[in-house]
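[1] Need a 3D model of the following:
(one chain, ligands or ions: 1)
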Amino acid sequence: MAAIDGAEVAKHNSKKSCWVVLHSKVYDVTSFLSKHPGGAAIILKQAGSDATEEFEKYHPLDYINDLPDGSPLGPIDPNTLGKLRARKDQTSASASSANEENEIPHVSMCVSCPDFEKAAKVVLPLKSYVYASTSANSGLSLRANLDDWGRINFRPRVMRNVGDVDTRRSIFGHSSPYPFYISPMGTLGAIHPGAEPEVVRGAVRKGIHAVISTASSKQVDQIWQRFEDEQKTLGNASPTRLFYQYYMPVDRKRAIDLMHIVKKCGYKGLWITVDTPVLGKRTADRVLQAEEALAVGIAEEGTVEWETGEENAFAPAMGGRVVSGQLSPHTTWEDLQWIRKEWGGPIVLKGIQCAEDAKLAYEYGVDGILLSNHGGRQLHTAPSALMTLLEIRTYCPEVIGKLEIFLDGGLRDGSDVLKALCLGATAVGVGRPFMYALAAYGSQGVERCVDVLAEELSTGMRLLGVTSLDQLIPEMVNASRLLNEMWRPEGAVLKSRL
Ligand SMILES: Cc1cc2nc3c(=O)[nH]c(=O)nc-3n(C[C@H](O)[C@H](O)[C@H](O)COP(=O)(O)O)c2cc1C
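    This next block holds a predicted model:
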């Protein structure tokens with residue numbers, strides 16, 4: 001194919017004819033504009049220009065293959081790059097308002113999780129901050145996630161010789177120095193140029209486990225390679241293990257192929273996200289999308305229909321910016337049979353939100369459940385993980401101890417981890433604090449965030465009167481406020497020992 005002149009590419013800069021350059025190749029994406037799950041505006045901003053940098057923030061390179069047939073036009077003539085259209089300015093303004101302090105604090109100034117968010121706001125473009133912080137509808141489930149940890153109080157024991165404490169906990173037999181891990185979060189390229197590998201670097205250095213998202217900016221094997229490289233640098237001394245969060249592709253062959261790649265790499269468990277048959281309404285993201293559409297003059301065409309649950313399903317990566325061909329709204333419990341056969345390792349269902357489904361998960365033989373409402377990003381007014389855990393304790397306590405139970409959502413303090421463990425959790429996941437730490441400080445921030453949580457955890461253990469996590473028991477917390485609000489069958493009187 002003959003090389004294409006940059007001046008020619010620059011001419012195709014409208015919704016009638018939209019060309020972009022990706023990794024030195026020219027693509028005609030006109031017919032894809034209306035199908036782009038994140039909306040046409042995002043692509044139109046790049047029309048006639050080199051879109052590689054922006055593309056890489058959100059997609060692994062191989063997603064280029066998902067473009068319609070006929071899109072690739074040929075290589076760009078490297079001598080004519082200067083003739084490409086200058087890209088429409090990305091929103092480079094940071095998320096902090098103009099009159100806020102715009103200096104990023106030294107990492108040592110981050111002494112609790114909320115400090116990372118403040119630092120991230122200084123460096124993150126508004127769009128990336130909105131992606132990280134957005135939640136479903138009016139934000140009530142995110143609020144409840146944050147608040148419910150504070151609505152359970154401790155019942156500490158004293159005079160118990162708490163000079164030394166052991167904070168270790170295992171996940172599926174893989175020991176970790178702490179009972180918390182990094183939750184899977186997609187599209188980290190929009191947060192930090194190092195994306196997921198940068199998180200992995202921090203995790204390995206601190207020895208904590210991490211779950212890697214299907215919607216990652218980098219390819220699954222690239223992330224794994226970084227993991228191995230970091231391990232080697234440390235003489236393979238780090239106990240860190242990677243697990244894989246699985247948005248099941250609609251296409252069965254694709255679903256199986258992905259699972260095999262993940263397995264071949266060496267990921268230790270499959271965390272199937274089950275709370276996302278369709279993408280929740282990410283309100284702040286919608287506002288931004290509408291603004292972007294207005295800015296490029298396509299607002300009258302409305303938003304792309306990515307919520308319809310049609311066969312073209314998606315993966316919820318970046319607000320509405322999702323990955324075609326992934327996540328099946330048609331998944332059922334019966335699918336677990338073939339998934340188990342193909343995977344052959346530990347399976348966790350991520351997004352269990354009531355006692356009945358916890359029981360079903362146990363009956364279907366999964367190895368773990370993650371009580372989660374996706375960081376308050378999916379169903380409006382979904383229950384917090386703590387509320388779901390209390391339901392399980394009340395209505396199907398027989399599952400506790402039979403499968404590994406994880407919680408996530410709103411966890412911002414190491415001592416709160418102890419509450420979950422008192423009530424029977426194996427470990428907890430932490431999401432946004434690590435994302436904000438990554439944004440502001442890269443892997444150093446991830447490490448610092450581990451230290452902050454770890455210190456709160458060990459201090460909490462001493463003040464609670466325990467020296468090892470096995471000593472945590474339900475009697476060490478007062479959960480009566482949450483229990484009073486817990487769902488119960490009509491007419492039932494709650495008898496609980498909590
Ligand atoms: C920006 C962002 C992206 C996320 N991406 C994914 C994802 O790709 N897959 C997934 O299963 N969960 C995803 N989650 C949900 C997290 O795994 C986790 O459930 C949640 O962040 C926990 O709440 P927290 O952020 O309050 O700690 C995402 C969460 C955030 C904030």
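[2] quick one: residue 243 is in a strand?
    Yes. Assigned with DSSP: H, G, I helix; E, B strand; the rest coil, residue 243 falls within a strand.
[3] wouldn't it be in contact with residue 209 here?
    Yes. Using C-beta atoms under 8 Å, residue 243 is in contact with residue 209, at 6.7 Å. For every residue, glycine as well, the C-beta is placed using N, CA and C.
[4] what touches both of these two?
    Counting by C-beta atoms under 8 Å, 6 or more residues apart in numbering, the residues touching both residue 243 and residue 209 are 171, 181.
[5] What's the nearest residue in the stretch 301-450 of the chain when you look at the ligand?
    The nearest approach of the stretch 301-450 of the chain to the ligand comes at residue 431, 2.4 Å away (C-beta to the nearest ligand atom).
[6] if I look at the closest residue to that residue other than its chain neighbours, how far off is residue 295?
    Excluding its sequence neighbours, the residue lying closest to residue 431 (C-beta to C-beta, 6 or more residues apart in numbering) is residue 183, at 3.9 Å. According to C-beta to C-beta, to the nearest Å, residue 183 and residue 295 sit 33 Å apart.
[7] Specify which residue of the two has the higher count of neighbours.
    Higher neighbour count among residue 183 and residue 295: residue 183, with 27 against 14, using other C-beta atoms under 10 Å.
[8] How about the residues of this structure by the ligand?
    Proximity of the chain to the ligand (C-beta under 6 Å from any ligand atom) is limited to residues 131-132, 145, 183-186, 213, 215, 245, 273, 350, 372, 374-375, 408-411, 429-432, 435.
[9] The residue of the stretch 301-450 of the chain closest to the ligand is in contact with residue 374, isn't it?
    No. Look at residue 431 against residue 374 with C-beta under 8 Å: they stay out of range, at 9.2 Å.
[10] Between these two, which contacts overlap?
    By C-beta under 8 Å, 6+ apart, residue 431 and residue 374 have these common neighbours: residue 409.
[11] Compare the two and say which is more crowded by neighbours.
    Comparing residue 431 with residue 374 by other C-beta under 10 Å, the one with more neighbours is residue 374, at 26 against 21.
[12] Let me see the mean pLDDT of the strand or helix carrying residue 349.
    For residue 349, the element it lies in under DSSP states H and E is strand 347-352. Here strand 347-352 scores 98 as its mean pLDDT.
[13] residues of the very next helix or strand once past that strand that come out buried?
    Next in sequence after strand 347-352, counting helices and strands by DSSP H and E, comes helix 355-363. Neighbour counts over helix 355-363 (16 or more other C-beta atoms under 10 Å) mark 355, 357-362 as buried.
[14] what's helix 355-363 packed up against?
    Using 3 or more C-beta pairs under 8 Å, 6 or more residues apart in numbering; DSSP states H and E as the contact test, the elements touching helix 355-363 are strand 347-352, strand 368-371, helix 385-395.
[15] Which residues does it contact?
    Applying C-beta under 8 Å, 6+ apart, the set of residues contacting helix 355-363 is 333, 349, 352, 369, 371, 388, 391-392, 394-396, 398-399, 402-403.
[16] can you give me how far that helix is from the chain middle?
    Its chain's C-alpha centre and that of helix 355-363 lie 24 Å apart, by C-alpha atoms, centre = their mean, to the nearest Å.
[17] so what's the nearest residue to residue 268 once chain neighbours are set aside up against?
    When the adjacent residues along the chain are set aside, residue 268 lies closest to residue 241, with 4.7 Å between them (C-beta to C-beta, 6+ apart). Counting by C-beta under 8 Å, 6+ apart, residue 241 touches 171, 174, 176, 209, 268.
[18] From the ligand, how far out is residue 241?
    Distance, residue 241 to the ligand, using C-beta to the nearest ligand atom, to the nearest Å: 17 Å.
[19] Could you report the pLDDT at that residue?
    pLDDT at residue 241 comes out at 98.
[20] quick one: it and residue 414, what's the gap?
    21 Å.
[21] which residues touch residue 144?
    For residue 144, the contacting residues are 376, 381, 383-384, 387, 410, by C-beta under 8 Å, 6+ apart.
[22] quick one: low-confidence parts of this structure?
    Where the chain drops to pLDDT under 70, the residues are 87-93, 97-101, 299-327, 493-498.
[23] mind giving me the domain split of it?
    Domains of the chain are assigned by automatic domain parsing as 6-83, 126-279+314-485.
[24] which of the helices and strands packed on helix 355-363 sits most buried?
    strand 368-371 (a mean of 28; mean count of other C-beta atoms under 10 Å).
[25] Report the contact partners of the closest residue to residue 80 other than its chain neighbours.
    Setting aside the residues directly before and after it, residue 80 is nearest to residue 6 in space (C-beta to C-beta, 6+ apart), at 3.6 Å. Shown in contact with residue 6 (C-beta under 8 Å, 6+ apart): 76-77, 80-84.
[26] again, but for residue 430
    Contact analysis of residue 430 by C-beta under 8 Å, 6+ apart lists 113, 180-183, 408, 411, 449, 453.
[27] Backbone torsions only: list them for it.
    The phi/psi pair for residue 430 (degrees, to the nearest 10) reads phi -120, psi 130.
[28] got it, and residue 444?
    phi -60, psi -40.
[29] Do I have it right that it meets residue 205?
    No. With contact defined as C-beta under 8 Å, residue 444 does not reach residue 205; the gap is 9.2 Å.
[30] on that earlier part again, let me have the helices and strands packed on helix 355-363 in a markdown table, extended by distance to residue 425.
    Below are those laid out as a markdown table (distance: least, C-beta to C-beta, whole Å):
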| stretch | distance to residue 425 |
| --- | --- |
| strand 347-352 | 12 |
| strand 368-371 | 8 |
| helix 385-395 | 7 |
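[31] do you know which of those lies nearest residue 484?
    Across these, residue 484 has its closest neighbour in helix 385-395 (10.4 Å, C-beta to C-beta).
[32] any idea which helix or strand comes after that closest one?
    strand 404-408.
[33] which other helices and strands contact that following strand?
    If contacts are counted by 3+ C-beta pairs under 8 Å, 6+ apart, strand 404-408 sits against strand 368-371, helix 385-395, strand 427-430.
[34] show me what contacts the residue nearest to residue 267 when sequence neighbours are not counted?
    Distances taken as C-beta to C-beta, 6+ apart place residue 244 nearest to residue 267, at 4.1 Å, with adjacent residues excluded. Contact analysis of residue 244 by C-beta under 8 Å, 6+ apart lists 211-212, 214, 220, 262, 267, 269-271.
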